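Peer 1: Sequence first, predicted coordinates after that:
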Amino acid sequence: MSLWSSLLSDPGAPAWVQAVGSVLAILVTMGLAAWQRSSSFRDAQVHEARREKEYLKRLIAALKAEINTAMETMALQQSGIQKTLEALNAARANGSTIKTDPIQPGSMVMTDAIIYRQIAAELGRFPTDLIQSVIQFYAGASLLARLADQAPTAQLALEVAQNLAPRLRMLAAMLIKKLENFETSGFAAGAEIGPTPAEVREFAARQGYPLDQVARERGLQL
């Protein structure tokens, strides 16, 4: 036993020595309690950050699945629309009578947006740019379906869908890339998640979107 310990435990030690020992014991206890609280707080922060990342991963996976399904639907519809329009034009050229009835309402719906509606309240977890892109895509899909439903004839409805689908598919491709980049960044709030100019051109070519023409019309340099 050290001399200091002997003094503290000795009933005959001076009062000031015992007082100092009591103060030291209190300080050690307080320091240990503070360290434990700090450690528990850090552990809670780490757990919360991990849980938030897992939640964001699930949100992104669900959105990507719905958007990819919409893109596949658009691709199939575009192929069918193109063939139908060619057949209508050929029939008209042959003097055949073309029906002028409108399409069945809802025929041009690209997505039911089930996932989007379910997680709309959670979009605040995303960066502002990503939120805008999500809303822009789903608003575009809704607009295409609505304009097609309002067309007075089936042929006009098909032409509306054929004209708007490339832009919508372009928006979808860019949105998926942003979602992937956000996840790759570790969900960093200030990360650059937009596609590169080269990727934008690749998306445009793949989706049949006239990017160069649109850029010229708007006076943009790409």
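Peer 2: Ah, there it is.

Peer 1: Quick check: P152 touching T100?
Peer 2: Yes - between P152 and T100 a contact is recorded at 7.5 Å, counting by CB atoms under 8 Å. C-beta coordinates here come from the backbone N, C-alpha and C atoms, glycine included.

Peer 1: hmm, who's touching stretch 71-81?
Peer 2: 108, 110-111, 158, 161-162, 165-166, 168-169, 172-173, 208 (CB atoms under 8 Å, 6 or more residues apart in numbering).

Peer 1: which of those sit farthest apart?
Peer 2: L158 and A173 (22.7 Å; CB to CB).

Peer 1: Please identify which helix or strand holds the one residue sitting closest to the centre of the chain.
Peer 2: With distances taken as CA atoms, centre = their mean, L179 lies nearest the centre of the chain, 4.6 Å away. Counting by DSSP states H and E, the element that carries L179 is helix 154-184.

Peer 1: do M108 as well
Peer 2: Per DSSP H and E: nothing holds M108, as it lies in no helix or strand.

Peer 1: what's near enough to touch it?
Peer 2: 77, 144-145, 148-149, 157, 160-161.

Peer 1: what's the distance between the closest residue to it other than its chain neighbours and R169?
Peer 2: Ranked by CB to CB, 6 or more residues apart in numbering and with sequence neighbours excluded, the top spatial neighbour of M108 is A148, at 3.7 Å. As for A148, its distance to R169 is 16 Å (criterion: CB to CB, to the nearest Å).

Peer 1: what does K53 give?
Peer 2: 30 Å.

Peer 1: Between the two, point out the one with more neighbours.
Peer 2: R169 (24 against 13; other CB atoms under 10 Å).

Peer 1: A121: neighbour count?
Peer 2: 8.

Peer 1: In terms of helix, strand or coil, where does it fall?
Peer 2: helix (DSSP: H, G, I helix; E, B strand; the rest coil).

Peer 1: pLDDT weak spots in this protein?
Peer 2: Applying pLDDT under 70 to the chain flags the ranges 1-23, 25-28, 30, 33-35, 38-41, 43-44, 46, 213-222.

Peer 1: ok, which stretches of it are helices?
Peer 2: For the chain, the helices defined by DSSP state H occupy 3-9, 15-93, 114-119, 128-150, 154-184, 197-207, 211-218.

Peer 1: and L123, how many neighbours?
Peer 2: Neighbour count of L123, defined by other CB under 10 Å: 15.
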